[in-house]
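**Q** Curious how this folds, go ahead:
(chains A and B)
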There are 2 protein chains.
Amino acid sequence: MAPPSAPSARPRVVIIGCGFGGLEAARALHAAPVDITLVDRTNHHLFQPLLYQVATAGLAAPAIAAPVRHLFRKQANVTTLLGEVVRIDAAERIVRFKDETALPYDHLIVAAGATHSYFGNNQWSAHAPGLKTLDDAFEIRRRVLLAFESAEKETDPARRDGWMNFVVIGGGPTGVEMAGTLAEIARHTLPGEFRRIDPASAKVILVEGSPRVLQAMPDDLSQRAAEQLQRLGVEVRTDSRVTAIDSHGLQVHPAQGEPYRIDSRCIIWAAGVAASPLGREVAQATGVALDRAGRVVVEPDLGVPGHPEISVVGDLAAARSHVPGREPQPVPGVSPAAKQMGRTAAANLLARLEGRTTQAFRYRDYGNLATIGRNAGVVDLTTPLGRLKFSGYPAWLFWLFAHIYFLIGFRNRIVVLFDWASAYWSHQRYARVVTDIEPAAVDG
Amino acid sequence: MAPPSAPSARPRVVIIGCGFGGLEAARALHAAPVDITLVDRTNHHLFQPLLYQVATAGLAAPAIAAPVRHLFRKQANVTTLLGEVVRIDAAERIVRFKDETALPYDHLIVAAGATHSYFGNNQWSAHAPGLKTLDDAFEIRRRVLLAFESAEKETDPARRDGWMNFVVIGGGPTGVEMAGTLAEIARHTLPGEFRRIDPASAKVILVEGSPRVLQAMPDDLSQRAAEQLQRLGVEVRTDSRVTAIDSHGLQVHPAQGEPYRIDSRCIIWAAGVAASPLGREVAQATGVALDRAGRVVVEPDLGVPGHPEISVVGDLAAARSHVPGREPQPVPGVSPAAKQMGRTAAANLLARLEGRTTQAFRYRDYGNLATIGRNAGVVDLTTPLGRLKFSGYPAWLFWLFAHIYFLIGFRNRIVVLFDWASAYWSHQRYARVVTDIEPAAVDG
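**A** As a prediction, the model looks like this:
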């Protein structure tokens, strides 16, 4: 019999994923008598709300990526492991990695997040990359910068137009940020640098299937956002579904009127989100149901039905917010929700260890904000004093400082602030680096 | 007949490559009545002296890569073009690109630089990447960081040692900087972050074929450099030739004693440099001779024999320095020499345009400096007052400010200074980002 004080006697907690949910769960367990192994496919926590800045050459990747190992160097109960989980063996309580190693657990928190969804049209991914990882951001950066380079080289006017049309599909926060920033690049960053084309004549088109952009926002703020986009030079086409995408353009079907084609060599997908494929693995291992988006339908306390030792948090969880006396509400796929779920899962894990009852997850919605581009944004806050809505320059400033505040690492805050200040004054974008021109050249 | 003021009446200058030589040539022609097209395979000028900092996660790539297009936005006679030149047609005066487009020239400056050479053992490149481009730097960064991650996961002690042995082949400036920085990472950056391995127990081995490191330096400074490396924890093995490299280690043949093997999963090649393959293209097009390293043997004025309209500058040129009354001397492959050649080629181009005689290239050697790691370096300066040699902390400081001074772009100077200051105080390295763990995992 092992002595009770042996390290192996402490419950083993495995957390899969070090996005906002996983990170917060590990932090919340800092004083717990458990041994945590934090597993991720990459070595960094990515601050996804600013990923579009890397894609648009405004920030270097390290400014928004903090090495996980470094973040937890002082939390002695955390071991960091780099690896890709491909199977969960719920009966034996083991997770299995792609490299065929395995890790036993007593408690498992799955926080594997989401990826993009092309709604069954996966062949579109080659022509319209999405934005979830740093590699995605590098690919989009490459395509955006090379489109202008190719336009400069192109002698045929019709083909040149294809390079000068930028299309963003999806009018959520990422789509709005991408479109606004692309317009800024075309109108303010690049002019004067080309000799044959005028970058300011580039078209940026935002295509959204529903009647308005930023659907999570109240109607009037959506309206404000669309106006600000147009002022920045973005064509906003709402009520417009995309029905086909190829390497030279896309087909758009407006709610009213005839379908038409847009020629474009740079199309960005910001439309759909699907749960990580690990959701299917959890379902297979435990029999839990998945919702239409592939998310795990968890219990009120974020546990998996029949497997209280497994919790699912963040974008992978189809969770509901429970407020006593009210109907449970679906939780939006935003980073504050993921963080809150991480904390609840950690608290419930401790409760189970100590024989207490677990609590139902309650999402506290502090509001919603989005930036649109230079000096433009919308904010919708829920404060103790009531609702606060504003837009334009103050919203942009608020967005800016909120994001710097939540960035992880003091150093990154300084770096991002400096980069933004210098970009603001100079209109320049610092990270205009393309290392590989081949694919576009071959394709071109 | 075209009017004499038509733009096409101005001589067309094509410059291939925007390293130090090409960039300086284009700048020196800023007031010349010519139309310059600056062609490069990437969109940025790379500050190669700091590339090892990107490879060792000390700097983000954009800090040392300036977009060429932006650098020349105000020089109206420069057009920037992204493309890979694959042929030079000297009879028709046309350069041809990989994408099958072409560009005519009246004057051509070839500044295509150098790549690494494995001395006929190209199969080594898969196991021991060299350091010339940003992609090379990312690959080395990935291998270094993943080696520690793999060691943390490895349960077999012998295999773990392979992950914890870092070998740098080649004791020139790049090899010395890499080895010193790797030792710093192992001893100062990573300790405390791992739970199973002690990163400080990693071995960093510098293997050099000749009897001393930094051969361009005087004997005593080489000695000083070796001592400083050892103090940082690097094993310096001079007089040791590498005879084989595979995915798990390398074979070393010392000048005295038996050949032996070093197990290592992270081997870095800093030994050989070869001219760009474009040298062969120039030779084929013009009949000019190449030297053993594949460099173009140019005339004293940097022109190609029989083709005064073509000049070759920088690492691709086998140039000599001409001082009246003295024997011509070979020119070292360093950035000040490339810059000086770029200026001479530009001046000679102008001279030919104006019917003046061209000047022979004269290399002005201001000295030599290398950094070794935190607080360590060696400097050998040629000043008007005589020779100045120093090492240690003052040499390191001198190196630091010299590099910041020569970095292109005010913004990058600030960023690098800030990154270095914060790294100096915290021992942390900012750019520890790995996006792709797969190759090592498969290989592992």
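
**Q** From here on, just use CA atoms for contacts and neighbour counts.
**A** Will do.

**Q** which residues sit in contact with the closest residue to A:Leu29 other than its chain neighbours?
**A** Spatially, and ignoring its direct neighbours in sequence, A:Leu29 is nearest to A:Ala346 (6.1 Å; C-alpha to C-alpha, 6 or more residues apart in numbering or on different chains). The contact partners of A:Ala346, by C-alpha atoms under 8 Å, 6 or more residues apart in numbering or on different chains, come to A:Ala25, A:Ala26, A:Ala28, A:Leu29.

**Q** Out of those, which comes closest to B:Trp425?
**A** Nearest to B:Trp425, judged by C-alpha to C-alpha, of the contacts of A:Ala346 is A:Ala26 at 27.7 Å.

**Q** Is the helix or strand where that closest one lies positioned near chain B?
**A** Using DSSP states H and E, A:Ala26 sits within helix A:20-28. No - residues of helix A:20-28 contacting chain B under C-alpha under 8 Å from any C-alpha of the partner chain: none, with a closest distance of 15.3 Å.

**Q** what's whichever strand or helix holds A:Val39 packed up against?
**A** With elements taken from DSSP H and E, the one containing A:Val39 is strand A:35-40. Strand A:35-40 sits against strand A:12-16, helix A:20-28, strand A:78-82, with contacts defined as 3 or more C-alpha pairs under 8 Å, 6 or more residues apart in numbering or on different chains; DSSP states H and E.

**Q** change it to 7 Å
**A** Judged by 3 or more C-alpha pairs under 7 Å, 6 or more residues apart in numbering or on different chains; DSSP states H and E, strand A:35-40 is in contact with strand A:12-16, strand A:78-82.

**Q** And the average pLDDT for the very next helix or strand once past that strand is what?
**A** Downstream of strand A:35-40, the next assigned helix or strand under DSSP H and E is strand A:44-46. Across strand A:44-46, the average pLDDT comes to 93.

**Q** what does stretch A:55-63 give?
**A** Confidence over stretch A:55-63 (mean pLDDT, whole number) is 90.

**Q** excluding its backbone neighbours, what's nearest the closest residue to chain B within the stretch 1-150 of chain A?
**A** When distances are taken as C-alpha to the nearest C-alpha, the stretch 1-150 of chain A reaches nearest to chain B at A:Arg73, 4.5 Å away. Closest residue in space to A:Arg73, ignoring its immediate chain neighbours: B:Glu193 at 4.5 Å, by C-alpha to C-alpha, 6+ apart.

**Q** Tell me who's in contact with the one you found.
**A** A:Arg69, A:His70, A:Arg73 (C-alpha atoms under 7 Å, 6 or more residues apart in numbering or on different chains).

**Q** Compare those residues and tell me which is most surrounded.
**A** Each of the contacts of B:Glu193 was scored for neighbours by other C-alpha atoms under 10 Å in any protein chain shown, and A:Arg69 scores highest at 22 neighbours.

**Q** if we can go back for a sec, highest mean neighbour count out of the helices and strands packed on strand A:35-40?
**A** Compared across the helices and strands packed on strand A:35-40, strand A:12-16 shows the largest average neighbour count, a mean of 25 (mean count of other C-alpha atoms under 10 Å in any protein chain shown).

**Q** Check which helices and strands that strand is in contact with.
**A** Using 3+ C-alpha pairs under 7 Å, 6+ apart: strand A:12-16 touches strand A:35-40, strand A:107-110.

**Q** Let me know which of these is tucked in deepest.
**A** strand A:107-110 (a mean of 26).

**Q** That strand - what's its average pLDDT?
**A** Confidence over strand A:107-110 (mean pLDDT, whole number) is 98.

**Q** Could you do stretch A:146-155 as well?
**A** Per-region confidence: stretch A:146-155 scores 93 on mean pLDDT.

**Q** Kindly report the same for stretch A:199-209.
**A** Mean pLDDT, stretch A:199-209: 97.

**Q** From the rest of the structure, what touches it?
**A** Contacts of stretch A:199-209 (C-alpha under 7 Å, 6+ apart): A:164-171, A:179, A:182-183, A:186-187, A:190-191, A:234-241.
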